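Chemist: Quick check, what structure comes out for this input:
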Amino acid sequence: MSRDLVDILRSGYDALWRHNNPDAAVRALGPDFEWVLPGHPEGEVRHGPEAVKAFFLDWLGPWEDYEVDYDLRPVDDERVLALCMMRGRGRQSHAEVEMRFGQLWTFRDGRPVRMDFYTDQAEALTAAGVTE
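Modeler: Take a look at the predicted model:
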């Protein structure tokens, strides 16, 4: 089952980061989905696919160009860890930025129900109970 979850997640990541298609990226998310971003100034939790899509549209707006690499790792039968690296250039500043982050996805009955965001990949690994 965990390999199927990785495939579901890869499909969404590819839709967003490779094909710039946020509608397809959130297709697997139900209305009960929670997107958890601790400490975010606009609130820590977004609910449902439309809120996640709006987050990404806001997030990507300031970038002139960007590239995201991701390593998707099954944790157990209900969780997948995504270790990501984003590189980009600001639309106005033209400053080049690189950031690494982790996302721990929880699934129920083959559907994503929650994503917890970590600004530190080591914290994401610890939360997932994974050692490198």
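Chemist: At which residues are the strands of this protein located?
Modeler: Assigned strands in the chain, in chain order: 34-36, 45-47, 63-76, 79-90, 96-108, 111-118 (criterion: DSSP state E).
Chemist: Against which helices or strands is the second one packed?
Modeler: For strand 45-47, the helices and strands in contact under the criterion 3 or more CB pairs under 8 Å, 6 or more residues apart in numbering; DSSP states H and E are strand 34-36, helix 48-60. For the C-beta atoms, the positions are set from N, CA and C on the backbone; glycine is no exception.
Chemist: quick one: average pLDDT of it?
Modeler: Averaging pLDDT along strand 45-47 yields 91.
Chemist: what does that strand rub up against?
Modeler: By CB atoms under 8 Å, 6 or more residues apart in numbering, the residues outside strand 45-47 that reach it are 31, 32, 33, 34, 35, 36, 37, 52, 54, 55.
Chemist: could you measure the nearest residue in space to the first one that is not next to it in sequence against residue 96, distance?
Modeler: Just to be clear, that refers to residue 31. Nearest residue to residue 31, sequence neighbours excluded (CB to CB, 6 or more residues apart in numbering): residue 48, at 4.6 Å. Using CB to CB, to the nearest Å, residue 48 is found at 34 Å from residue 96.
Chemist: Which of the two has more residues huddled nearby?
Modeler: Each of residue 48 and residue 96 has its neighbours counted (other CB atoms under 10 Å); residue 48 has more, 16 against 11.
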